[in-house]
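Q: Provided below are the primary sequence and the corresponding predicted coordinates.
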Amino acid sequence: MEALRVEADESAGKVEDLKSKVKSLEQENLQKEQEITSLQHKQSVLEQEVDKLEGMHNKAKGEAAESAQHGTQNESLQRKVQLLEEEAEENDRVLRETNEKLRQTDVKAGHYERKVQALETERDQWEQKYEEMAKKYSETKKELDDFVAEIGNI
């Protein structure tokens with residue numbers, strides 16, 4: 001009976017530990033979701049900047065074509081186009097990196113969600129075991145009380 005009581009106490013402790021782990025993982029999952037949102041916003045801003053730069057790039061190319069007869073002005077515009085292209089390439093690289101980070105974060109979030117589900121399942125199993133043990137304890141206690149009562153009547 002003492003072993004059942006100890007096992008019931010241990011089960012209750014394990015349930016509390018698992019609840020704590022679930023809460024921790026849920027908090028970590030919330031942080032990852034916030035990071036995803038932040039990266040999505042950053043991606044949106046970078047895409048807008050790329051669009052803006054592409055517009056500026058196209059405008060600079062148009063201006064360069066119109067001023068082909070002016071050598072100095074043409075060289076200046078070509079340099080501007082080159083700088084814009086380099087900046088666009090850099091922004092494309094940053095966008096690719098951001099997309100990769102977003103993908104990795106999505107993978108991690110999925111992993112943590114599966115982990116939380118597994119822990120919740122494990123917690124439910126422990127709770128079920130605890131309930132079974134509590135029921136067995138009650139039944140055994142009742143049997144013992146009945147036995148003590150029978151012995152007392154003898």
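A: Yep, that arrived. Computed from a predicted model, the values in this text were never measured in an experiment. Residues are numbered from 1 along each chain as shown.

Q: For Leu18, which non-adjacent residue is spatially closest?
A: Arg123 (4.2 Å; CB to CB, 6 or more residues apart in numbering). All C-beta spots, glycine's among them, are computed from the backbone N, C-alpha and C.

Q: repeat for Lys42
A: Thr98 (5.7 Å).

Q: For that neighbour, what is the enclosing helix or strand?
A: Element membership for Thr98 (DSSP states H and E) is helix 71-153.

Q: Could you name the helices and strands sitting against the one helix or strand in the chain whose mean pLDDT sits lowest?
A: Least confident helix or strand, the chain: helix 2-66 with a mean of 89, by mean pLDDT, DSSP states H and E. Packing partners of helix 2-66 (3 or more CB pairs under 8 Å, 6 or more residues apart in numbering; DSSP states H and E): helix 71-153.

Q: what angle do the helix it packs on and helix 2-66 make?
A: Angle between the axes of helix 71-153 and helix 2-66 is 170 degrees (criterion: axes from the mean of the first three to the mean of the last three CA atoms, to 10 degrees).

Q: Show me what helix 71-153 is packed up against.
A: helix 2-66.

Q: Show me how far the helix it packs on is from its chain's centre.
A: 5 Å (CA atoms, centre = their mean, to the nearest Å).

Q: what does stretch 120-127 give?
A: 22 Å.

Q: Then stretch 81-93?
A: 32 Å.

Q: now stretch 139-154
A: For stretch 139-154, the distance to the chain centre is 55 Å (CA atoms, centre = their mean).

Q: which residues sit against that stretch?
A: Residues outside stretch 139-154 that contact it (CB atoms under 8 Å, 6 or more residues apart in numbering) are 1, 4.
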